[in-house]
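*Asks:* Can you look at this prediction? I've put the sequence above it.
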Amino acid sequence: MDVLDPLPDPVRRLCVAVEGEGPLRGDPRPRLVDVVERAGLAAGLDQATLQIQPTGVLLVLTSGVNEARVVAGLTRELGNTLWRRNRRSPDGPRLRCRLSFHQGLVRLDDDGFTGQAVTAVGEMCASDDLRAELAGSPSCDLAMIISGQLLDDLAYPESQDLHKTWFRPVVVTTPTRSIPAYIYAAGSPP
């Protein structure tokens, strides 16, 4: 995954947040980084920068990527990677993840990525709605949420891999905003 140079002006980018949960000992972020990097490689993401956050990881894609391909591919491959990882150690701690997608203006400064899109994707990933979706789907290793604006742009017929009928609409409410979004619990691969 690429490393971007600091940008003085904000640039519109696709942002992805991933947080793990489960009975994990110690800091789960190294395992989460490994899973996200494997999934990103399998999905063909070579234009993303990964930043470790206090609660998980943030991926920021370069401008001009095929957003529909990234959303569908990363969701699929993260689900596959989690399934394989958890299947290898069925008696060990199971890693389950929450995944969120949003796009908007992002700035890169000396402290990392900032901007309203970065904040929104993190809020969506940590939302009660997404946590409840994962908790309510015990057989699934992955639950994802995508901003309404982004899914409206990318859904079928624009992308054969993203159908609105797969998602349930929600509104993520934070102290400063309400974000219309769509939520989905990804099942195990066949």
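*Replies:* That came through fine.
*Asks:* Which residue ranges of the protein form helices?
*Replies:* With helices called from DSSP state H, the chain shows them at 29-42, 67-88, 116-125, 128-135, 148-154.
*Asks:* for these, which one ends up most surrounded?
*Replies:* Using mean count of other C-beta atoms under 10 Å, the stretch among the helices of the chain with the greatest mean number of neighbours is helix 116-125 (a mean of 23). No exception for glycine: its C-beta is placed from N, CA and C like everyone else's.
*Asks:* in stretch 168-182, what's buried?
*Replies:* The neighbour-count check on stretch 168-182 (16 or more other C-beta atoms under 10 Å) flags 170, 172, 179, 181, 182 as buried.
*Asks:* In TSV: the helices of the chain, plus distance to residue 16 and mean pLDDT.
*Replies:* Written out in TSV, the entries for those read as follows (distance: least, C-beta to C-beta, whole Å; pLDDT from 0 to 100):
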stretch	distance to residue 16	mean pLDDT
helix 29-42	9	92
helix 67-88	7	92
helix 116-125	7	95
helix 128-135	13	95
helix 148-154	11	93
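*Asks:* can you put those in JSON lines and add distance to residue 141?
*Replies:* Conversion of the helices of the chain to JSON lines gives the following (distance: least, C-beta to C-beta, whole Å):
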{"stretch": "helix 29-42", "distance to residue 141": "10"}
{"stretch": "helix 67-88", "distance to residue 141": "4"}
{"stretch": "helix 116-125", "distance to residue 141": "15"}
{"stretch": "helix 128-135", "distance to residue 141": "9"}
{"stretch": "helix 148-154", "distance to residue 141": "22"}
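*Asks:* for these, which one sits closest to residue 52?
*Replies:* With C-beta to C-beta as the measure, helix 29-42 is the member of these nearest residue 52 (5.8 Å).
*Asks:* The closest one - contacts with which helices or strands?
*Replies:* In this structure, helix 29-42 makes packing contacts with strand 7-21, strand 48-52, strand 57-61, helix 67-88, judged by 3 or more C-beta pairs under 8 Å, 6 or more residues apart in numbering; DSSP states H and E.
*Asks:* Go through the helices of the chain and name the closest to residue 60.
*Replies:* That would be helix 116-125 among the helices of the chain, by C-beta to C-beta, at 7.5 Å.
*Asks:* tell me the angle that closest one makes with strand 57-61.
*Replies:* Inter-element angle recorded for helix 116-125 and strand 57-61: 140 degrees (by axes from the mean of the first three to the mean of the last three C-alpha atoms, to 10 degrees).
*Asks:* thinking again about what came up before, would you reformat the helices and strands packed on helix 29-42 as TSV and include distance to residue 131?
*Replies:* Listed next are the helices and strands packed on helix 29-42 as TSV, based on distance: least, C-beta to C-beta, whole Å:
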stretch	distance to residue 131
strand 7-21	8
strand 48-52	21
strand 57-61	17
helix 67-88	16
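*Asks:* So which of the ones you listed is nearest residue 115?
*Replies:* Evaluated over the helices and strands packed on helix 29-42, closeness to residue 115 peaks at strand 7-21, with 5.7 Å, by C-beta to C-beta.
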